[in-house]
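Visitor: Build me a model from this:
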Amino acid sequence: MTISDLSEQRSLSIALLTVSDTRTKDNDSSGDFLEEAITMNGHSLANREIVIDDVYKIRAIVSAWIADPVIEIIITTGGTGFTSRDSTPEALSPIFDKHVEGFGELFRQLSFNEIGTSTIQSRCLAGLANNTAVFCLPGSTGACRTGWDGIIREQLASTFQPCNFVQHVTTKISNADR
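Guide: Numbers count the residues shown, from 1 in each chain. Alright, predicted model coming up:
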């Protein structure tokens, strides 16, 4: 993507949630990477929070963001593994209106080139809810880079063809203005 592409691209309002029992603002390297990627690609960071890995706390924050007419995209990092505390898929999958089935599949395909078969332990997912796209990434900075650079960045670019998610989320603000 070139600088001229950024001037033609529509800026999206993005909320970022880190799901972790151990991360803080001082050591949230995955959140820091994603915040920088969001702003460097011409989008605005509407909100950023850290929440412990608890189904209801995750769901409450994301549900409030989905209901917010300003937030068009939500990216979460963390809670997608297999430990007993990992609960992002259980928290968010039930609130999706539509699941983006290919997101997890493509992420694992890209990740396989980096970490081999360990990628099968990623339960990353994506979906649409109330004209809001939600992307759930693993907690490592490398995985966030893979997800952003390999999938999300292009799908949030209004100039990316043949299709992108911008068309699915732009109706949210139009509907709120009515």
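Visitor: alpha carbons only for contacts and neighbour counts from here, please
Guide: OK.
Visitor: where along the protein do the strands fall?
Guide: Applying DSSP state E to the chain gives strands spanning 13-19, 44-51, 73-77, 98-99, 125-129, 132-137.
Visitor: got those strands as JSON lines, with mean pLDDT columns?
Guide: As requested, the strands of the chain are exported to JSON lines (pLDDT from 0 to 100):
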{"stretch": "strand 13-19", "mean pLDDT": "98"}
{"stretch": "strand 44-51", "mean pLDDT": "98"}
{"stretch": "strand 73-77", "mean pLDDT": "98"}
{"stretch": "strand 98-99", "mean pLDDT": "97"}
{"stretch": "strand 125-129", "mean pLDDT": "98"}
{"stretch": "strand 132-137", "mean pLDDT": "98"}
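Visitor: who wins for proximity to residue 30 among these?
Guide: When these are compared by CA to CA, strand 73-77 sits nearest residue 30, at 7.1 Å.
Visitor: which helices and strands does that closest one pack with?
Guide: The helices and strands touching strand 73-77, judged by 3 or more CA pairs under 8 Å, 6 or more residues apart in numbering; DSSP states H and E, are strand 13-19, strand 132-137.
Visitor: Mind naming the longest helix for the chain?
Guide: When the chain is parsed with DSSP state H, its longest helix is helix 101-115.
Visitor: Please point out which parts of that one sit buried.
Guide: For helix 101-115, a neighbour-count test (16 or more other CA atoms under 10 Å) marks 103-105, 107-108, 110-111 as buried.
Visitor: do stretch 8-17 as well
Guide: So for stretch 8-17, counting by 16+ other CA under 10 Å, buried means 9-17.
Visitor: tell me how far the ends of stretch 113-130 are from each other?
Guide: This stretch, stretch 113-130, spans 34 Å end to end (CA to CA, to the nearest Å).
Visitor: Any idea what the residue nearest to the spatial centre of the chain is bridged to?
Guide: Per CA atoms, centre = their mean, the C-alpha nearest to the average position across the chain is that of residue 75, at 2.2 Å. Partner residues in beta bridges with residue 75, using DSSP bridges, are residue 16, residue 135.
Visitor: Could you double-check that it sits in contact with residue 137?
Guide: Yes: Residue 75 sits in contact with residue 137 when judged by CA atoms under 8 Å, with a separation of 7.4 Å.
Visitor: Below-threshold pLDDT in this protein: ranges please.
Guide: Along the chain, the parts satisfying pLDDT under 70 run over 1-7, 171-178.
Visitor: and with 50 instead?
Guide: 1-4, 178 (pLDDT under 50).
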